[in-house]
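Asks: Take this sequence and fold it.
(2 chains)
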Amino acid sequence: MSLTVHYSERLYNVLLSLYPVGFRIRFSQEMLQLFRDCSHDALEKGEIAVLVAFWMRTARDLFISVLRERQRELVGPLDEDHPLMALVDALLIPTMVTAKLAVLGPILTLMVRGGYDMPGNQFIATSGFFSLAIGTLAVAASVVITRLRPTARLWVKLST
Amino acid sequence: MAKQAKSKTPEKPVESFLPLTPAVFHILMSLADGEAHGYAIMQEATRRSAGVVRLGPGTLYGAISRLLEDGIIEESEQRPDPEMDDTRRRYYRLTNFGGRVLAAETERLADLVKAARSTKVVRKLKPA
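Replies: Okay, here's the model as predicted:
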């Protein structure tokens, strides 16, 4: 049984490396100690099934918390007023719209020309023009919308 | 004499931390009666919630990390008797600001419960 706990701990120790470095340095020893205590608690109940159930809970907890800590490391605390969040907000809509228009450009060209009856270079240039023109408009529109957002939020707040 | 770990002064108002997640609320409740280490916090949360809340190591220390950053809890350097002490453990305690956050959340929940109890359905269907 103690061998089971020993290998259990070693595996958990390896899995702790999935956390971001800063978090790992600060908390990994405490987390390992907590895991050790909980493993012993589970085994005191005398059944291997209890340890298996504990491992399943721990694996779920590990998966969720690793994702959360990695996300925190990438974007910082999920604070709407954080400049990085504002930047992501500002870039998200134009990027999505531009990506879609990159696909729509050639389709639009085909519709306007009524079929593929132009040389390859001319087709690429025309569809590129459509993508770029509509994409630029979309980016400009989303920048305006992003700037209007605080006013809209204030309006919603006041009207409720 | 016990030394207190330095914590940054919270800049945000108490209300900006509400509502607390169940995990955080249980952690703060566990620390309300005094300092504790991770294992004690986890056991206390399980006991208080009758086994409903089971904090895993990742959830517990993720929450502790955020609470330390926000100045709601702080690490305590006060150690128990050397005979009973385990040097691998760290002890945490509520800050004054953390106490105010816990009190505000308790008040918020009490108001909610009061409102829920005043509804017809809850008055009629009281659990046996």
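
Asks: Which residues are in contact with residue B:86?
Replies: Counting by Cβ atoms under 8 Å, 6 or more residues apart in numbering or on different chains, residue B:86 touches A:33, B:37. Placement of C-beta: from N, CA and C, glycine included.

Asks: per-residue confidence at residue A:91?
Replies: pLDDT for residue A:91: 69.

Asks: Below-threshold pLDDT in chain A: ranges please.
Replies: Scanning chain A for pLDDT under 70 picks out A:1, A:75-101, A:113-116, A:142, A:146, A:149, A:152-154, A:156-160.

Asks: can you list the domains in it?
Replies: A:2-75, A:83-159 (automatic domain parsing).

Asks: So which of those domains is the most surrounded?
Replies: Mean neighbour counts were compared across those using mean count of other Cβ atoms under 10 Å in any protein chain shown; the top stretch is domain A:2-75, at a mean of 15.

Asks: Distance from that domain to the middle of the chain?
Replies: Centroid separation between domain A:2-75 and its chain, computed with Cα atoms, centre = their mean, to the nearest Å, is 23 Å.

Asks: Quickly check: it near chain B or not.
Replies: Yes: using Cβ under 8 Å from any Cβ of the partner chain, we find that domain A:2-75 touches chain B at A:19, A:23, A:26-27, A:29-31, A:33-35, A:37-38, A:57-58, A:60-62, A:64-66, A:68-69.

Asks: Let me know the distance separating residue B:18 from chain A.
Replies: Per Cβ to the nearest Cβ, to the nearest Å, residue B:18 is found 15 Å from chain A.

Asks: for residue B:65, same thing?
Replies: Counting by Cβ to the nearest Cβ - residue B:65 and chain A are separated by 6 Å.

Asks: now the strands for chain B?
Replies: Using DSSP state E, the strands of chain B run over B:36-37, B:73-76, B:91-94.

Asks: quick one: least confident helix or strand in chain B?
Replies: Sorting the helices and strands of chain B by mean pLDDT, DSSP states H and E puts helix B:120-124 at the bottom, at a mean of 83.

Asks: CA atoms of that helix as PDB?
Replies: What follows is helix B:120-124, C-alpha atoms only, in PDB (Å, rounded to 0.1, in the frame of the first residue of the first chain):
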ATOM      1  CA  LYS B 120     -44.500  32.000  -1.400                       C
ATOM      2  CA  VAL B 121     -42.900  28.800  -2.700                       C
ATOM      3  CA  VAL B 122     -40.200  28.700   0.000                       C
ATOM      4  CA  ARG B 123     -42.700  29.400   2.800                       C
ATOM      5  CA  LYS B 124     -44.900  26.600   1.500                       C
END
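
Asks: Name the residues that touch it?
Replies: B:116-117.

Asks: Contacts only, for the residue nearest to residue B:44 when sequence neighbours are not counted.
Replies: Nearest-residue entry for residue B:44: residue B:30, 4.0 Å, with adjacent residues in sequence omitted and distances by Cβ to Cβ, 6 or more residues apart in numbering or on different chains. Residues counted as contacts of residue B:30 (Cβ under 8 Å, 6+ apart) are B:36, B:40-41, B:44-45, B:48.

Asks: The residue nearest the centre of chain B and chain A: what is the separation?
Replies: Chain B has residue B:28 as the residue nearest its centroid, 1.1 Å off, counting by Cα atoms, centre = their mean. Here residue B:28 is placed at a distance of 18 Å from chain A (Cβ to the nearest Cβ).

Asks: Look up how far residue A:38 lies from that residue.
Replies: Residue B:28 is 21 Å from residue A:38, where distance means Cβ to Cβ, to the nearest Å.
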